[in-house]
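In: Structure of the sequence below:
(one chain, ligands or ions: 1)
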Amino acid sequence: MKKLAYLTLSLFSIFTFAQEVSKERVHTVLSTLASDEMKGREIGTPENEKAAQYIAKLFKENNLEYCTGKSFLVPFDYNGKKAYNVCGIKKGKTDKYLAFSGHFDHIGTSNKSGDNIYNGADDDASGITTLVGISDYFKDTTPEFSMVFMAFNGEEKGMKGSKAIAEDKNLDKIYNNLTALFNFEMVATESQFGKNALFMTGDEYSDMDELFNQYALNNLKIFPDPYASQNLFYRSDNVSFVKKKIIAHSFSSADMTKINHYHRENDDINVVDFDNLTQIINSFGKTLEKLNPDNFTPKYNDKVKFN
Ligand SMILES: [Zn+2]
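Out: Numbers count the residues shown, from 1 in each chain. Down below sits the predicted model:
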């Protein structure tokens, strides 16, 4: 009996599996964040804090560890009041980290009659759902890279949360070992390149996309930024980390030639392509299983400006 118990135990410890994320799970997370009860998740509102606590609960369920202190909620000062980013760690086989981020705040409500809630399903509940999905994927296994998951607050008010957490000295032990940051910003719709595809902002500044595509599985593909003239690389949360000379890009599927829900009340779950988003999350998971600190060391070139 003892022998059997030992055998069972060792089988379990050898065969720990990465877990594909279901469309139902993706739907639950995204529609909770984008629900009317969250009232558009504007920083400084109780609903913004409720969204932060919901993300913290998901991190806890996925057995993540705190990035700092005794909570997943990492406080910062916003106009003299406390606001929170949410941060969790998954320890991997090595001390080198990859970071996955998005912003959970949105722009609240308007005074209009009728639908006056900016649900922000695409912007950026979809990005948060993606990073939560990646933490789901690795819940019961140990990845090669350690991973840090960051849900930023106050993006819509000038990237306040990402600026604060990037400067938080308590996280330097992570930042000093951070190989690259993937910031997901509006990934709910099919890209102009088709399904299972994202574009990377600032692709001309590093080899991160080429390197990632070499290992990309499930037909996942990262394309160069087709809207480079809009300078999105310097206008999204990744820039707080670019300033620290950390490889940090934003990834999006938003088709700027077609989109009509940007910062409008109709950015709700009706715009979300759940099949495509679920496929992107699982393709990311599969690809990340192949990456390690030896084969994935993206570098900036001299075109990038750090300030
Ligand atoms: Zn956004």
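In: Neighbours of the nearest residue to residue 233 once chain neighbours are set aside, how many?
Out: Residue nearest to residue 233 in three dimensions, not counting chain neighbours: residue 202, with 3.0 Å by C-beta to C-beta, 6 or more residues apart in numbering. Using the backbone N, CA and C atoms, a C-beta is placed for each residue, glycine as well. Counted with other C-beta atoms under 10 Å, the neighbours of residue 202 add up to 26.
In: thought residue 261 was touching residue 122?
Out: Yes. When contacts are counted by C-beta atoms under 8 Å, residue 261 is listed as touching residue 122 (6.4 Å).
In: For residue 63, give me its contacts.
Out: Residue 63 is in contact with residue 139, counting by C-beta atoms under 8 Å, 6 or more residues apart in numbering.
In: swap that for residue 215, sorry
Out: 287, 290-291, 295-296.
In: Now, of those, which are buried?
Out: 287, 291, 296 (16 or more other C-beta atoms under 10 Å).
In: Secondary structure class of the first one, three-state.
Out: Just to be clear, that refers to residue 287. Under DSSP: H, G, I helix; E, B strand; the rest coil, the three-state class of residue 287 is helix.
In: And the residue nearest to residue 100 when sequence neighbours are not counted, what's its pLDDT?
Out: Closest residue to residue 100 apart from its sequence neighbours, by C-beta to C-beta, 6+ apart: residue 131 at 4.1 Å. What the model reports for residue 131 is a pLDDT of 98.
In: Secondary structure element holding residue 131?
Out: Element membership of residue 131 [criterion: DSSP states H and E] is helix 126-137.
In: Show me what that helix is packed against.
Out: helix 23-33, helix 46-61, strand 97-103, strand 146-152, strand 178-184, helix 274-290 (3 or more C-beta pairs under 8 Å, 6 or more residues apart in numbering; DSSP states H and E).
In: To residue 219, which of those lies closest?
Out: Closest approach to residue 219 among these is made by helix 274-290 (7.3 Å; C-beta to C-beta).
In: The closest one: which residues count as buried?
Out: So helix 274-290, judged by 16+ other C-beta under 10 Å, has buried residues 274, 276-289.
In: Could you do stretch 169-186 as well?
Out: For stretch 169-186, the neighbour count (16+ other C-beta under 10 Å) marks 171, 174-175, 178-186 as buried.
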